[in-house]
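Q: take a look and give me a structure for this.
(one chain, ligands or ions: 1)
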Amino acid sequence: MGRIRRYLENGAIYFVTTNTYRRREIFRDVNACKFLLMCIGYHKYMLNFNLFGYTIIYDHLHLLIQPTSDKYNLSKIMQEIKGNFARKYNEWIKITPKNQKFRNRHLSADYKKEMNGKIYKPVWQERFYDVGMRDEKQILSCLEYIHWNAVKKNIVDHPKKYEFSSYHQYYGARREWVQLPVDSIF
Ligand code: NI
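A: Next up is the predicted model:
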């Protein structure tokens, strides 16, 4: 518990939820999940935030996150992750033929918006939701919520069976695919 207290002294910790545009289930595709993990990992290094937990569920993302500077505050971090993921995701689905069927199902003609005169396909809902953590107890219960989310959604029957959460890094199991390092709070 000492480690959480030390982290809390360094600034606000947030539980963040962000949903896909119209709750489209783009993260049923494991490649999209892997790609988002790499994107979060890249921004973790570029924007210096602490990441204590995460999970990607079909139509949303949860993070337990702590910005470490005013320059890279929570809004900036989320804007960068969501924006850069969306831009690359749109490129990627365009050039990957095997995603044709998936694309037709999820990215129909109505799924287009115009911004600055350019047509683009929105990937995320514009806003995100954040809850500031008050104490250690709340942080631990958020972490548990994150790790059990895939069970709650009936995707798996135990958190250790779900690839796209930080559960493995807390409980020592190995990952098949992308390993996104977290800053352990235990
Ligand atoms: Ni959830």
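
Q: got the contact list for P159?
A: Residues in contact with P159 (CB atoms under 8 Å, 6 or more residues apart in numbering) are H147, W148, A150, V151, S165, Y167. Placement of C-beta: from N, CA and C, glycine included.

Q: buried set for the longest helix along the chain?
A: The longest helix of the chain (DSSP state H) is helix 74-95. Burial within helix 74-95, assessed by neighbour count using 16 or more other CB atoms under 10 Å, is assigned to L74, K76, I77, M78, E80, I81, K82, F85, A86, Y89, I93.

Q: by mean pLDDT, flag the weakest helix or strand of this structure.
A: strand 113-115 (a mean of 52; mean pLDDT, DSSP states H and E).

Q: how about the strands in the chain?
A: Assigned by DSSP state E, the chain shows strands spanning 14-19, 50-57, 60-66, 113-115, 118-120, 129-132.

Q: just the angle between the second one and strand 14-19, please?
A: Taking axes from the mean of the first three to the mean of the last three CA atoms, to 10 degrees, one finds strand 50-57 and strand 14-19 inclined to each other by 30 degrees.

Q: which elements pack onto strand 50-57?
A: On a contact count with 3 or more CB pairs under 8 Å, 6 or more residues apart in numbering; DSSP states H and E, strand 50-57 meets helix 30-47, strand 60-66, helix 136-152.

Q: what is the burial count for S184?
A: If you count neighbours by other CB atoms under 10 Å, S184 ends up with 11.

Q: can you check L37 too?
A: That count, for L37 with other CB under 10 Å as the rule, works out to 19.

Q: what's the answer for the one 3 residues further on, then?
A: Counted with other CB under 10 Å, the burial measure for I40 works out to 21 neighbours.

Q: give the contact list for it.
A: L51, Y54, L63, I81, L180.

Q: how about D70?
A: No contacts exist for D70 under CB under 8 Å, 6+ apart.

Q: any regions of this structure where pLDDT drops low?
A: 1, 95-120, 174 (pLDDT under 70).

Q: contacting residues for the residue sitting nearest the centre point of the chain?
A: Central residue of the chain (CA atoms, centre = their mean): L61, 3.9 Å from the mean position. For L61, the contact set (CB under 8 Å, 6+ apart) comprises V16, T17, T18, F27, L36, Y54, T55.

Q: quick check, nearest of the residues you listed to L8?
A: Ranked by distance to L8 (CB to CB), the contacts of L61 are led by V16 at 16.6 Å.
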